[in-house]
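Peer 1: Test case, fold it:
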Amino acid sequence: MTNYSAWKSTSKIGYTQTTKLRIFEHLHVATQFNSMTNRAALVADIGGTHARLAIATWGNSETSVPAISLAHVEKFACRDFVTLEALLQHYQSQHASGQHLDLVLAVAAPIIDGDVAAQANMPWPVRIQQLRQTFPQQSISLLNDFVALAHAVPTLQASDLQLLCGAPHTNYTGPALVMGPGTGLGAAFWLPGRAGQASQVLASEAGHISLAASNELEAAIVHELRKQWSYVDVERVLSGPGLLNIYRALCAIEGASPTLSTPAGVSEAAMTASDAMAEKSLSVFCGWLGSIVADLCISSSAQRVILAGGIPSLIWPFLQRSEFAARLIDKGVMSAVMRQACVQVIDHGQLALIGAAQFSKEHISTNQSSNFKE
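Peer 2: Purely as a prediction, here's the structure:
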């Protein structure tokens, strides 16, 4: 059935003009994908506060359009929706072309056996079974958000990255650590594929390993935090809430009254040099970040690091002049190894959406044109 024939048939059936326009959009996109032999997925980056959704398309090996393109990119406040399913249905109601595409969802949660294993930073419960019941005609994949970011590594250009320390490697074939503090601390490792094989990503919950102190001040902060939590993990300091924890702990240690009440307030006061305790807090944060990055590199033999998350790009000028680089290489007998590491920063924006699409492109061999139903 051609698009024109379908349009005529909707008139005979008596659909409203709005419904006919949505049907026509759906058929037009289906024909476009069929004619270009492109592939597509509805991709989403679901964080603790905001969600980004888009329709991702890319060419296969037989087309001249191999790059991933994003269309209909939208950002939503998670609090405006009672469930993830409601959010996805709202997006699909606005973009008919996404109603029969595979769903590839990057979420701020650990994924085990294809399902969310813990809801630490999610605004509502997310379960693969519920998603499949709501969208029975669509294939659904759940990824950790930093796993999605790591899948985007092959798509990065030099212009996307800012060099923090070290020198970029040429022809580097080892693992890359992708990590960063935001609402929590995310991390994953990108592993290049062998000739003719897709790259792989190793998920990590590095934010929840035990926090190690490297000096007396850090030990005092950990001691202070243990008054609130019996188990103090890395995320208790290396995250937005963690920066506020550092600030409050330093105030308690030095007998000062806290005057700032949000992570944004602490970082802004530090960046503008308007509060000495905030500056000290952010300095401790950056140094601790350098030490933890080095620990993860040593444990994985990674020599390339990409810092993402919401914070590194936000505090970029402060991070550049901080003790991050010094703490990165202050690793005893491994210092010589860490001097060879390259650390770059990216403002990831839509990168998790690109990574979700890259995952679908490399690991889901589905001919999307067959998903469109006339």
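Peer 1: any chance you could map the helices in the chain?
Peer 2: 3-13, 17-36, 84-94, 128-134, 145-151, 216-225, 240-254, 263-271, 276-300, 311-314, 316-320, 324-329, 335-338, 351-363 (DSSP state H).
Peer 1: Mind putting these into a markdown table with mean neighbour count, distance to residue 109 and mean pLDDT?
Peer 2: The way it works is simple: take the backbone N, C-alpha and C, and place the C-beta from them, glycine included. Below are the helices of the chain laid out as a markdown table (neighbours: other Cβ atoms under 10 Å; distance: least, Cβ to Cβ, whole Å; pLDDT from 0 to 100):
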| stretch | mean neighbour count | distance to residue 109 | mean pLDDT |
| --- | --- | --- | --- |
| helix 3-13 | 12 | 41 | 36 |
| helix 17-36 | 16 | 31 | 40 |
| helix 84-94 | 17 | 11 | 95 |
| helix 128-134 | 14 | 12 | 93 |
| helix 145-151 | 30 | 8 | 94 |
| helix 216-225 | 16 | 23 | 98 |
| helix 240-254 | 21 | 16 | 97 |
| helix 263-271 | 20 | 20 | 97 |
| helix 276-300 | 21 | 20 | 98 |
| helix 311-314 | 22 | 19 | 93 |
| helix 316-320 | 16 | 27 | 97 |
| helix 324-329 | 20 | 27 | 97 |
| helix 335-338 | 15 | 31 | 96 |
| helix 351-363 | 25 | 13 | 91 |
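Peer 1: between those, which one is nearest to residue 175?
Peer 2: Nearest to residue 175 among those is helix 276-300; the distance by Cβ to Cβ comes to 5.6 Å.
Peer 1: Now do the closest one and helix 216-225, the angle between them.
Peer 2: Here helix 276-300 runs at an angle of 100 degrees relative to helix 216-225 (axes from the mean of the first three to the mean of the last three Cα atoms, to 10 degrees).
Peer 1: distance between helix 276-300 and the chain's centre?
Peer 2: Distance of helix 276-300 from the chain centroid (Cα atoms, centre = their mean, to the nearest Å) equals 20 Å.
Peer 1: Adjust the sequence numbering to begin at 727 for everything that follows.
Peer 2: Noted, 727 is the first residue going forward, which turns the last one into helix 1002-1026.
Peer 1: and the angle from that helix to helix 989-997?
Peer 2: 100 degrees.
Peer 1: Could you name the helices and strands sitting against helix 1002-1026?
Peer 2: Here helix 1002-1026 touches strand 902-907, helix 942-951, helix 966-980, helix 989-997, strand 1030-1033, helix 1042-1046, helix 1050-1055, helix 1061-1064, going by 3 or more Cβ pairs under 8 Å, 6 or more residues apart in numbering; DSSP states H and E.
Peer 1: Present the ones you listed as JSON lines; the columns should include distance to residue 1082.
Peer 2: Listed next are those as JSON lines, based on distance: least, Cβ to Cβ, whole Å:
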{"stretch": "strand 902-907", "distance to residue 1082": "14"}
{"stretch": "helix 942-951", "distance to residue 1082": "34"}
{"stretch": "helix 966-980", "distance to residue 1082": "23"}
{"stretch": "helix 989-997", "distance to residue 1082": "27"}
{"stretch": "strand 1030-1033", "distance to residue 1082": "17"}
{"stretch": "helix 1042-1046", "distance to residue 1082": "26"}
{"stretch": "helix 1050-1055", "distance to residue 1082": "29"}
{"stretch": "helix 1061-1064", "distance to residue 1082": "31"}
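Peer 1: so which of these gets nearest residue 811?
Peer 2: Residue 811 lies closest to helix 966-980 among the helices and strands packed on helix 1002-1026, at 27.2 Å (Cβ to Cβ).
Peer 1: Can you get me the start-to-end distance on stretch 1026-1035?
Peer 2: 20 Å (Cα to Cα, to the nearest Å).
Peer 1: same deal with stretch 896-913?
Peer 2: Terminal-residue distance, stretch 896-913 (Cα to Cα): 23 Å.
Peer 1: Same question for stretch 956-971.
Peer 2: End-to-end distance for stretch 956-971, by Cα to Cα: 15 Å.
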